[in-house]
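Trainee: Task: produce atomic coordinates for the following.
(chains A, B and C)
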Amino acid sequence: MLRAKRISMYVFLAVAAFVSIFPFLWIIVSSTNPSVDVTRGKLLPGSYFMVNLRSLLNSIDMLNALKNSLTVSVSTTLLALLIASLAGYGFEIYRSKAKDVVFNVLLLSMMLPFAALMVPLYRMFGRITNLVPLIGIDTLAAVVLPTMTTAFLIFFFRQSTKMFPKELLEAGRIDGLSELGMFFRVYVPTMKTTYAAAAIITFMSSWNNYMWPLIVLQTPQKQTVPLLISTLGSSYSPDYGLIMLAIVISTLPTAIVFFVMQKHFVAGMIGSVK
Amino acid sequence: MRASGPALRLRWKASLVGWSFVVVAVLMITLFYFYPMIQALLLSLQTGTGSNLTFNGLGNYRRLFTDSMFLTAVKNTFIYLIVQVPIMVLLALVLSVVLNDRTLKWKGFFRTAIFLPCITSLVAYSVIFKYLFAGDGLVNLLLLHLHLISEPIPWITDPFWAKVTIIIAITWRWTGYNMIFYLSGIQNIEPSIYEAARIDGATAVKQFFRITIPLLKPIILFTSITSTIGTLQLFDEVMNITQGGPGNASSTISQYIYNLSFKYAANFGYAATVSYSIVVMIVILSIVQFKVAGDRDA
Amino acid sequence: MRKSLMLLMLSLVLTLVVSACSGGSGTAGNSGNSGSTGDTTGSTAGNGGDGSKGAQEITVWAWDPNFNIAALNLAKERFEAKHTDIKVNIVEYAQDDIVQKLNTGLNSGTTKGLPNIVLIEDYRAQNFLQAYPDSFRDMSDLIKPEDFAEYKIGPTSYNGKQYGVPFDSGATALYVRTDYLEQAGYTVDDVTNIDWNKYIEIGRKVKEVTGKDMLTQDPNDIGLIRVMAQSAGTWYLKEDGKTPNLADNPVIKEALETYKAMFDANIVKLNSDWSQFLAAFNNGDVASVPTGNWITPSVKAEATQSGKWAVVPTPKLAYSASSVNASNLGGSSWYVMNMDGQDAAANFLAETFGSDSELYSLLLEKIGAIGSLKAASSGAAYDKADEFFGGQKIYADFAKWTEEVPKVNYGLHTYAIDDILAIEIQNYLNGKDVDSVIRDAQAQAESQLQ
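Mentor: So this is what the prediction gives:
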């Protein structure tokens, strides 16, 4: 009985994993084929990997784009985690009527589609450019600034803080920790899995962010990876083998971040900290 | 009387500490979201193409109710919402519980595999998906081979099946994403609670409904609301897989906003109006969800 | 205990990794910033363009690396050889991305970040010219409209001023598989200068004999309707470019009926994606491809089909008297932004795409691009026989058809009406009658385009 249950669990997971991963395997296989075979939907690996790689490196500056994307994503993630967790903690631990109202208002900022914010935001950065060119249009900082604070992440941290055992704070207070000390010494280590999840999600959305970088970046040397890939596909006769290879490369960083971070999801975290 | 002075000061200090935790976030969001949102609100009262805008009062808002393309998009979006969000939330919950099993082997692989769909670039995703679901694509071949269907299903070119394809696509792409939040939430549940339940003879299903779901409530509420927002702003899948077609049988509100701004005659005013219609819908749905979840601060 | 130790170790490693990353990103960020200061000076030179000292830079946005970008590179090479003080900076984006960036930039009233020259698709050109008046430079002083194929002038001019420098020809043709036709008992002559009814008839026979569909269509892309409309010199909109022209337009009605007849004859293979469109003829699944001449490289991509293809004139509508065996699909033109640096940019266009017939010969030879400059439509490059098409001189043919394309005004709302029609066509294919289809589309267009 127990055994049957275990087997059915593995079968369920195997099916889910296969369905999830199959298109990705197809992309990998396609990156070894010439364009004509890709459009045919060929499922077997070919011998075009090196050819695709060479034409990829010749046609676009993938390395530079990877560097730009990494700069943007890592700084966005670190800043976002700090700002949002402080806020989520503040809203839940130091709860008050006024703060609840402010929090609910903040949630409103998630609700307008970005397409509607784009023009006003761009106009704003046009003005910023005249004052502080270093964070104005066509800088990586301009990509990071509007995306590093999201109500989404604050909301997530606040909801997770609801599950945080508040007794730990009492203990910290008795030990004579300052308010900020308690946040860094007690809350942060206890909520490690929440931070891991937040880091994965933020890194991913920053890495894949498309609309805003597209609008605000101008010079080719500053382009991020998704912008480059979009350019590759914009042809009457696109080279699909090359595109697939570029996509494989562009997916790896997030996959690695995920694989490393997911190890934090270990049952019974809080128990072991206590 | 004597105590009230310092006590008041203490409360003031406590309140100040609390505000200082949130102040950076509030300032940033005000600057980069609320300020443009107000601009967009003003824009939603104007009409015209490009930079030739004229004030139109509530005319744009009235236009919404007679705009059949908009109404179809709203209808489609709600179909996606009602069918897809519950399926995905439940699936993600089950997966995260299974993937949290301490004795499970290859955990890292399974988790990464299921997470992969949401990080794959849309360009690839659309090419591959259209292959899989083409008239003579792999999915049809498989179903025909298994004798589950006798004729190929027009996944992308039929109004009904196009919507089904979109729902499959969103579920495929976002289930692993939502799983992350549950996985992180489950860590905060005391294992001793499960042990006690096991000793009492509760089955896995019972544990799932009696322990996991109630204790994860804050996170479930979070994912339901964010998924609702995500679905109401759904754009990528539709744009890349069906282009809203055939006709506008699978179009969404966000896609319509994009078309109004960039594909048609650059009517940013009316596009802003349509955007605000989304805000209104999300606010209403979120209040309902907070109430249903019985959150303390609905 | 062991577990918490492991976790501690893990988080230590993680912090190290993260800090290493952020350290790396810090330096990357710095180098990015130093790069940005360099670029800022570069771009001010581009925008400011006093041009007195050092090289002046002009920025060009375009899409399609194998076609427009390749053409730009050839033009740049020739231009920079003569003007060492000007540097042409080519930036590649997808077409949709250019439309988005241009709209956002023009709408926010800041010229910072806009290019000096931009490529715009002819269907959308009036949108930009009318929505952002004064944002584009009048080119009337540098180029003569009568130097270009007549049909390119409507979309590229506004209020009697010539804004665009016409570029590629979107002249259409019917690409046919001669081997399939032969099996069904037809020669190339049998499909030359025919009408769509004859085309459908042949398609039926081909399907019967070879089992292959006659053509492939994406139900979301009704380019074929546009081809039919332009072949008869009419469009979705009236001459003013604003009033919907669907009801009481017999050409549109015939186009819709013809389109449906193809589906009824069961000779259409459905596709839902550009890659599947390409695959349909690369795989030999269809006997013909009616589309713009820019598809030539994609047809030739499948080398094993060499010698099995021919190119014939586009079929015309059977009952619309004005319809001819020539039409257009797509195509685009160059525009100069009205801002600092515009004179150098205008000069670049005038000297290259505006007049240089040698450049056009090169374009044809190297990338198979056919321009719309009349003076450049002959020469050795055009007389070359193409073995892939059985030795046919396809470029000479395309050049000839380019001049025969009827002139129409694409107006402001081509894509808006395209979407409305695509919806109604779905209803039509599902049994709605043609008159109410057209009436409903007209009503919807009128209410939409207020």
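
Trainee: can we go C-alpha only for contacts and neighbour counts from here?
Mentor: OK.

Trainee: and stretch B:106-114, which residues are buried?
Mentor: B:107-108, B:110-114 (16 or more other C-alpha atoms under 10 Å in any protein chain shown).

Trainee: and the stretch 1-150 of chain A, which of its residues are near chain C?
Mentor: Residues of the stretch 1-150 of chain A lying close to chain C by C-alpha under 8 Å from any C-alpha of the partner chain are A:36, A:39-40, A:67-68, A:70-71, A:74-75, A:118-120, A:122-123, A:126, A:134, A:137-140.

Trainee: about what we covered before: could you pick out which of the buried residues of stretch B:106-114 are near chain A?
Mentor: With C-alpha under 8 Å from any C-alpha as the criterion, these include B:108, B:110-114 near chain A.

Trainee: Which of the buried residues of stretch B:106-114 sits closest to chain C?
Mentor: Checking these against chain C with C-alpha to the nearest C-alpha, the nearest one is residue B:108 at 14.8 Å.

Trainee: Can you give me every residue that contacts the closest one?
Mentor: By C-alpha atoms under 8 Å, 6 or more residues apart in numbering or on different chains, the residues touching residue B:108 are A:259, A:262-263.

Trainee: Give me the subset of the residues you listed that lies in strands.
Mentor: Among the contacts of residue B:108, no residue falls in strands (DSSP state E).

Trainee: Most neighbours out of those residues, which is it?
Mentor: Within these, neighbour counts (other C-alpha atoms under 10 Å in any protein chain shown) peak at residue A:262, which reaches 21 neighbours.

Trainee: is it true that it touches residue A:195?
Mentor: No. Counting by C-alpha atoms under 8 Å, residue A:262 sits too far from residue A:195 to count as a contact (10.8 Å).

Trainee: related to what we said a few turns ago, in helices only, show me the buried residues of stretch B:106-114.
Mentor: B:107-108, B:110-114 (DSSP state H).

Trainee: of these, closest to residue A:8?
Mentor: Top of the list for closeness to residue A:8, among those and by C-alpha to C-alpha, is residue B:110 at 14.8 Å.

Trainee: Once you drop chain neighbours, what's closest to the closest one?
Mentor: Here the nearest residue to residue B:110 in space, its sequence neighbours aside, is residue A:17; by C-alpha to C-alpha, 6 or more residues apart in numbering or on different chains that works out to 6.0 Å.

Trainee: The helix or strand hosting the one you found: what's the following helix or strand?
Mentor: Under the criterion of DSSP states H and E, residue A:17 resides in helix A:2-30. Using DSSP H and E, the helix or strand that directly follows helix A:2-30 along the chain is helix A:35-39.

Trainee: can you pull out the strands in the stretch 101-250 of chain B?
Mentor: With DSSP state E, counting those that start in this stretch as the definition, the stretch 101-250 of chain B shows no strands.

Trainee: how close does residue A:39 sit to residue B:131?
Mentor: 9 Å (C-alpha to C-alpha, to the nearest Å).

Trainee: Quickly list what's touching both of those two.
Mentor: Joint contacts of residue A:39 and residue B:131 (C-alpha under 8 Å, 6+ apart) are residue C:276.

Trainee: For the closest residue in space to residue B:36 that isn't next to it in sequence, which three-state class applies?
Mentor: Residue nearest to residue B:36 in three dimensions, not counting chain neighbours: residue A:120, with 5.1 Å by C-alpha to C-alpha, 6+ apart. Secondary structure, DSSP: H, G, I helix; E, B strand; the rest coil: residue A:120 is helix.

Trainee: show me the residues around residue A:120 that make contact.
Mentor: Contacts for residue A:120 (C-alpha under 8 Å, 6+ apart) come out as B:36, B:39-40, C:108.

Trainee: As TSV, those with neighbour count and secondary structure would be great.
Mentor: Listed next are the contacts of residue A:120 as TSV, based on neighbours: other C-alpha atoms under 10 Å in any protein chain shown; DSSP: H, G, I helix; E, B strand; the rest coil:
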residue	neighbour count	secondary structure
B:36	21	helix
B:39	16	helix
B:40	25	helix
C:108	19	coil
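
Trainee: For the residue of chain A found nearest chain C, grab the count of nearby residues.
Mentor: Per C-alpha to the nearest C-alpha, residue A:235 is where chain A lies closest to chain C, at 4.3 Å. Counted with other C-alpha under 10 Å, residues neighbouring residue A:235 total 17.

Trainee: what does the stretch 201-350 of chain C put close to chain B?
Mentor: For the stretch 201-350 of chain C, the residues in contact with chain B (C-alpha under 8 Å from any C-alpha) are C:219-220, C:270-273, C:275-276.

Trainee: now do 6 Å
Mentor: Contact residues, the stretch 201-350 of chain C versus chain B (C-alpha under 6 Å from any C-alpha of the partner chain): residue C:220.

Trainee: Kindly check the end-to-end length of stretch A:230-238 for me.
Mentor: OK, stretch A:230-238 end separation, C-alpha to C-alpha: 11 Å.

Trainee: what separates that stretch from the chain centre, distance-wise?
Mentor: A distance of 25 Å separates the C-alpha centroid of stretch A:230-238 from that of its chain, computed with C-alpha atoms, centre = their mean, to the nearest Å.

Trainee: hmm, who's touching that stretch?
Mentor: With contacts defined as C-alpha atoms under 6 Å, 6 or more residues apart in numbering or on different chains, stretch A:230-238 is touched by C:64, C:93-94, C:298.

Trainee: Would you reformat the residues you listed as TSV and include distance to residue B:152, pLDDT and neighbour count?
Mentor: As requested, the contacts of stretch A:230-238 are exported to TSV (distance: C-alpha to C-alpha, whole Å; pLDDT from 0 to 100; neighbours: other C-alpha atoms under 10 Å in any protein chain shown):
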residue	distance to residue B:152	pLDDT	neighbour count
C:64	35	86	21
C:93	37	89	26
C:94	34	87	22
C:298	28	87	16
